[in-house]
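> using only what follows, build the 3D model:
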Amino acid sequence: MEIFATAALNALTVIGILALIGLGLTISFGLMNVTNLAHGEFVTVGAFTVYFVQSLGGSFWLGLVIAPFSAAIAGMLLEWLVLRHLYERPAAVILATLGASLVLQQSLEFLFGHGAKPVSAPFSGTVDLGFTAYPAHRVLVILVSFAALAGVHFIMRRTGFGLDMRTVIQNRDMAEAVGINTRRTFAVAFAFGAALAGLAGALIAPLASVLPQMGVSYLANAFFVVIVGGAGSVGGVVAGSSFIGGLTTFFNYQLDPSLSQALVLLAAIVMVRLRPHGIVAIKGRQS
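Prediction:
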């Protein structure tokens, strides 16, 4: 029972992080039809923000608050300087975001040097949950990530900005016809997606090796989450992250990590074949 509970909590940790990263990606991919290969670097920016704050004597909590804003600023700059000029050129967007990814990696390496950077978790030890003892920071990751998911769901369903985003996802031309400023919606949405990735990076910083290239390892899984779950909805991201995160955790308990990743990829391909529009498809969506 204890082993099963620990495995389930590990899965929830992975699912929560993948959902945050995938939400940011589904905003750019589902809303804007932008294949952003620099999205993983927003995760890296969030992690390095926490490291930088702690290196100056600040707390993890301060870094956790600042990290989404740092990533949002990076996202705003990328959208303003590059992407808004290339929305009608998908191939150019792929090349431009790949170049931006490499620039961000090299910039972080220039600023902070080589080697993994240490980030201290705000809590040490474990929490007794009754049915098992579990690392305290991982409990925090689960709570914060799912609280953020609930907040994003509220924004998407209960605010004017969320209505604008959903309208643009459904039909961009109609959104412009009814007076929605799609350019501004794109810019704000892209920065919002980057902020979510930055929050994920801050949460996982004490658990991962904080390196300039760390975001690359999360990018592929984030795309799996979006494509398998269905681009353009919070429900799709939750479904996709549950599928990918659950399988990843299960296979990692049984197999070598490389073989585990290959099997997750194979399962994702099979799921896309069976559900081409994702587990949670948005009806009537137009580009």
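> from now on I want contacts and neighbour counts done on CA atoms only, so please keep to that.
Will do.
> from residue 264, how far out is residue 245?
9 Å (CA to CA, to the nearest Å).
> how about residue 20?
19 Å.
> from residue 23, how far off is residue 247?
19 Å.
> please say which of the two ends up with more neighbours.
Neighbours per residue (other CA atoms under 10 Å) separate residue 247 from residue 23, with residue 23 holding more: 32 against 19.
> residues touching the more buried one, list them.
193, 196, 226, 234, 237 (CA atoms under 8 Å, 6 or more residues apart in numbering).
> what about the residue nearest to residue 275 when sequence neighbours are not counted, neighbour count?
Using CA to CA, 6 or more residues apart in numbering and skipping residues adjacent in sequence, the residue nearest residue 275 is residue 228, 7.8 Å away. Residue 228 has 31 neighbours, counted by other CA under 10 Å.
> quick one: list the elements packing against the helix or strand bottoming out on mean pLDDT in the chain.
For the chain, using mean pLDDT, DSSP states H and E, the weakest element among its helices and strands is helix 32, scoring a mean of 70. Helix 32 sits against no helix or strand, with contacts defined as 3 or more CA pairs under 8 Å, 6 or more residues apart in numbering; DSSP states H and E.
> all strands for the stretch 101-250 of the chain, in order.
Ranges of strands in the stretch 101-250 of the chain, per DSSP state E, counting those that start in this stretch, are 126-128, 133-135.
> now those as CSV including distance to residue 260?
Converted to CSV, the strands of the stretch 101-250 of the chain look like this (distance: least, CA to CA, whole Å):
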stretch, distance to residue 260
strand 126-128, 27
strand 133-135, 24
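> deepest-packed of these, please.
Of these, the one with the most neighbours on average (mean count of other CA atoms under 10 Å) is strand 133-135, at a mean of 16.
> who's in contact with the helix or strand where residue 74 lies?
Element membership for residue 74, per DSSP states H and E: helix 60-81. Contact with helix 60-81 is made by 42-43, 45-47, 49-54, 100, 120-122, 187-188, 190-199, 201-203, as judged by CA under 8 Å, 6+ apart.
> go again with 7 Å.
Here helix 60-81 makes contact (CA atoms under 7 Å, 6 or more residues apart in numbering) with 42, 45-46, 49-50, 53-54, 121-122, 187, 190-192, 194-196, 198-199, 202.
> wait, residue 24 touches residue 194, no?
Yes: taking contacts as CA atoms under 7 Å, residue 24 lies within contact range of residue 194: 5.8 Å.
> pick out whichever of these two has more residues nearby.
The neighbour count for residue 24 versus residue 194, taken as other CA under 10 Å, is higher for residue 194 (36 against 26).
> pretty sure the more buried one sits against residue 44.
No: counting by CA under 7 Å, residue 194 does not reach residue 44; the two are 10.7 Å apart.
> where does the stretch 51-200 of the chain have low pLDDT?
Across the stretch 51-200 of the chain, the ranges flagged by pLDDT under 70 are 169.
> any chance you could map the helices in the stretch 101-250 of the chain?
136-158, 160-170, 172-177, 182-204, 214-229, 234-254 (DSSP state H, counting those that start in this stretch).
> distance to residue 84 for those - can I get that in TSV?
Below are the helices of the stretch 101-250 of the chain laid out as TSV (distance: least, CA to CA, whole Å):
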stretch	distance to residue 84
helix 136-158	23
helix 160-170	16
helix 172-177	15
helix 182-204	8
helix 214-229	22
helix 234-254	24
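> of the ones you listed, flag the one that's most buried.
Counting by mean count of other CA under 10 Å, the most buried of the helices of the stretch 101-250 of the chain turns out to be helix 182-204, with a mean of 26.
> for the helix or strand hosting residue 42, which outside residues touch it?
For residue 42, the host element (DSSP H and E) is helix 39-55. Here helix 39-55 makes contact (CA under 7 Å, 6+ apart) with 25, 59-60, 63-64, 67-68, 70-71, 101, 104, 117-119, 194, 197-202, 205, 210, 212, 214-216, 218-219.
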